[in-house]
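A.B. asks: Got a predicted structure here, sequence first:
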Amino acid sequence: MKKKTVLGLAIGGVVVVGVLIAYMVIPMPVSDDYTAITTVTNQFFVGRAYRTPLSKFIELREPFLLQTITDAKTNELIPQLIDLSVESYWLPKAVFIRMDNIVSKGAVSPESLIATKIKEYKAATTE
């Protein structure tokens, strides 16, 4: 009977350790929707944020970069949302930002202009 109890405790211990290791390694979503992040270099990123508990980085999946473009004719500043996974040299599927470099971050409201632009962009690219 003692052998069964010891074996049961050993198996239970292995399962608990396995679950804890998986929790520490597998990235968990920060929010259900998009997250906006401003960095110390004045870059404005938008994406689906994931964080591993012991990591010093936030992973942005479906990364977008908000840039301001100056119109050559009118000198008007126009904000432009750039899909980094399509319109950049390295085509990343995710961007990793060190926590020390984040000035501010927050959830993007589904009704916001940024969320609307992302929905319009995705609808136009899937057609």
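C.D. replies: All right, it came through fine.

A.B. asks: where in this structure is pLDDT low?
C.D. replies: Low-confidence segments of the chain (pLDDT under 70): 1, 22-25, 127.

A.B. asks: Grab the longest helix from it for me.
C.D. replies: Determined from DSSP state H, the single longest helix within the chain is helix 2-25.

A.B. asks: partners of the helix or strand just after it, with directions?
C.D. replies: Later in the chain than helix 2-25, the nearest helix or strand by DSSP states H and E is strand 28-29. Applying DSSP bridges, strand 28-29 is found paired with strand 44-51 (antiparallel).

A.B. asks: what's in contact with the partner strand?
C.D. replies: Here strand 44-51 makes contact (CB atoms under 8 Å, 6 or more residues apart in numbering) with 27-31, 33-39, 57-66, 81, 94-95, 97, 105, 108, 114, 118. Just so you know, the C-beta spots here come from the backbone N, C-alpha and C atoms, and that holds for glycine as well.

A.B. asks: run the last query once more with 6 Å
C.D. replies: 27, 29-30, 34-38, 58-66, 114 (CB atoms under 6 Å, 6 or more residues apart in numbering).

A.B. asks: quick one: which of these sit in strands?
C.D. replies: Using DSSP state E, 29, 35-38, 58-66 are the members of the contacts of strand 44-51 that sit in strands.

A.B. asks: re earlier: buried stuff in the longest helix of the chain?
C.D. replies: Neighbour counts using 16 or more other CB atoms under 10 Å place no residue of helix 2-25 among the buried ones.

A.B. asks: same question, stretch 108-127
C.D. replies: Within stretch 108-127, the residues that qualify as buried are 108, 114-115, 117-118, counting by 16+ other CB under 10 Å.

A.B. asks: Ok, stretch 85-96 next?
C.D. replies: 85, 95.

A.B. asks: Next, the distance between the ends of it.
C.D. replies: 13 Å (CA to CA, to the nearest Å).

A.B. asks: now do stretch 48-61
C.D. replies: End to end - CA to CA - stretch 48-61 spans 5 Å.

A.B. asks: cool, and stretch 28-35?
C.D. replies: For stretch 28-35, the first-to-last residue distance is 14 Å (CA to CA).
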